[in-house]
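Q: got a sequence here, can you model it:
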Amino acid sequence: IVAERTGTMNILQRLDGQVPGLVINSASQSRNPISIRGLTTIGLETGSGEYSGTNRNPLYVVDGIPIDDLSSINPQDVGDITVLKDATAASIWGSRAANGVIVITSKKGNQGEKIKVQYDGFINLMGKPDLDYNPVLSSKQFIETVKEIMNDDYFYYNDWSQATAFNSTSGSGLPPHEVIMYNKYSGLITSDQANKSLDSLASINNLQQIEDLWYRNAFLTNHTLSLTAGGKMYAVYGSLAWTNNTSPRPGDKNNSYKINLRQDFNFNKWLQAYLISDVTNTVSSISGNISIDNRFYPYQLFKDAQGNNLSMPYMGILSDSIRQDFQARSRVNLDYNPLDEFNFGYTKSDNLLNRVTAGVKVTLPKGFRFEGVYGYIKGNTKTTSYDDANSYLMRSELVSFTVAPNVNSTPVYHLPQTGGLFQVRNSNQRNWTIRNQLIYDMSWSNRLHQLTMLAGQEAQNQLVINNSSLVRGYNEALQTFAPVDYVRLGGPIGLAN
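A: The predicted structure is shown next:
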């Protein structure tokens, strides 16, 4: 059933509605996406959805090894899923099972099985997001609301000097409708002129442009080619998989490549073992850190009638008067054009995850048996991001560290004028788990009476090493960068000082 529910590559979401008492919350920012036995209440909240002293998520166990993330598991490789939500979970996994346990066992070959090659594939067409799902004001309704809100009391508490002052790099300029209302209040234009300008904005609808320019048809596809075979002492299951998750955001890419191999050894009636090797490589990229939806100003178009990209200086950090002053003194263009900005930067990620699991089972006399599971996980994630010198981020940052007392003075730049901002972040993880169990299992009278006892030991080690570097004035073609005096930049430098 899990393999046939192809709406997502998330194993947990495929379980939705299949297990009594299992609650799946698919909201994108849910603090607790899955619940089996409710939520633990011990511990303090340290961040958004994070707690110290406890873990509010179930324990995930894959082939006998606890792991934190199931995203690298291909649902087509899953042979069995067991959800434990009672005392049985605690007897095996201890206090970590307070929120329940989801046990996943991968597919394996069977003894005496002939060679079998199988292909599983699907494509899930998801289309574009429904921009009308969350209702917002139309341009006409928006302008009417502006007229009601921006009355005399509003201007009394929000005068022009406050509205256009430069407070920080997190500020923004004044949008067109506010400029019109301020000009009307100050007497620069008449009421008729203001109403005519506002009515012109009210007649514009940008939803079609948002849908055409900022969204595309999304789809999810997975293709898995697997092989199973088995003899008297050896059985094998192997698979190759490719997953392409195309988001509705143009320019984004996400591809995952996976190799999985499970080998089972049956040496004799008292000794069995298995070895699982799993390699996953996920490569993704994002163009331009810009997100537009129907909550944007409903009258603001992104292209004119001739197909030219429209600039929106007010979307930057400065009001129009201060922007023109800073621009004249620094001689750096501070215009902002969203469609152009989209092509002035990227973020790329390359994740390689290796998982090796080995297990052994020894059947001992008088109802005893020994089971050992040994896991090793090694992963590396390299993330690179680049902001071109033409991007608004780099231009505004250059102006922030430029000294130019007036428009006639020669600007002194304390940041490189050419080249972009290049960042590299590396995250390396290395985890190992050793788990040994001695089990006594005996039954009498055709299993009318049964006694099971176990004693176990587990040891874990988790190591994560993060490092990052940042350079400015970076030339992608030559892979060179410019020196920067960061000590000097710590002082009061810039046009705003």
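Q: and stretch 145-159, which residues are buried?
A: Neighbour counts over stretch 145-159 (16 or more other CB atoms under 10 Å) mark V146, M150, F155 as buried. All C-beta atoms are positioned from the backbone trio N, CA, C, and that covers glycine.
Q: among the residues you listed, which ones are in strands?
A: Among these, DSSP state E puts none in strands.
Q: which one among the residues you listed gets closest to K348?
A: Using CB to CB, V146 comes nearest to K348 of those, at 41.1 Å.
Q: so the closest one makes contact with K184?
A: No. Using CB atoms under 8 Å, V146 is not in contact with K184, being 11.3 Å away.
Q: quick one, which of the buried residues of stretch 145-159 has the minimum pLDDT?
A: Lowest pLDDT among those: F155, with 89.
Q: what's the closest non-adjacent residue to that residue?
A: Y185 (5.0 Å; CB to CB, 6 or more residues apart in numbering).
Q: who's in contact with that neighbour?
A: Counting by CB atoms under 8 Å, 6 or more residues apart in numbering, Y185 makes contact with M150, D152, F155.
Q: among the residues you listed, name the ones in helices.
A: When DSSP state H defines the helices, the subset of those inside them is D152, F155.
Q: list the contacts of whatever helix or strand F142 lives in.
A: Per DSSP states H and E: F142 is located in helix 139-149. If you take CB under 8 Å, 6+ apart as the criterion, helix 139-149 is touched by 137, 177-178, 181, 198-199, 201-206, 297-299.
Q: how about stretch 106-119?
A: By CB under 8 Å, 6+ apart, the residues outside stretch 106-119 that reach it are 62-63, 77-79, 223-232, 235-237, 239, 260, 262, 264, 266, 274, 276.
Q: buried residues of it, list them for me.
A: Buried residues in stretch 106-119, defined by neighbour count with 16+ other CB under 10 Å: S106, K107, K108, G109.
Q: and the end-to-end length of it?
A: Stretch 106-119 has its terminal residues 17 Å apart, counting by CA to CA, to the nearest Å.
Q: let me know the average pLDDT across it.
A: For stretch 106-119, the mean pLDDT works out to 91.
Q: all strands of the stretch 351-497 of the chain, in order?
A: 368-387, 402-403, 412-413, 420-444, 449-475, 480-482 (DSSP state E, counting those that start in this stretch).
Q: give me the low-pLDDT residue ranges for the stretch 151-300 of the chain?
A: For the stretch 151-300 of the chain, applying pLDDT under 70 flags the ranges 168-170.
Q: and the strands in it, which stretches?
A: With DSSP E, counting those that start in this stretch as the criterion, the stretch 151-300 of the chain has strands spanning 218-230, 234-246, 253-268, 271-287.
Q: and those strands as JSON lines, adding distance to R14?
A: Output for the strands of the stretch 151-300 of the chain, formatted as JSON lines (distance: least, CB to CB, whole Å):
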{"stretch": "strand 218-230", "distance to R14": "12"}
{"stretch": "strand 234-246", "distance to R14": "14"}
{"stretch": "strand 253-268", "distance to R14": "16"}
{"stretch": "strand 271-287", "distance to R14": "18"}
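Q: let's have these in a markdown table, adding distance to A455 and mean neighbour count.
A: Compiled in a markdown table, the strands of the stretch 151-300 of the chain are given as follows (distance: least, CB to CB, whole Å; neighbours: other CB atoms under 10 Å):
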| stretch | distance to A455 | mean neighbour count |
| --- | --- | --- |
| strand 218-230 | 33 | 18 |
| strand 234-246 | 30 | 18 |
| strand 253-268 | 25 | 16 |
| strand 271-287 | 20 | 17 |
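Q: dump the residue contacts of E458.
A: E458 sits next to T433, I434, R435, N436 when contact means CB under 8 Å, 6+ apart.
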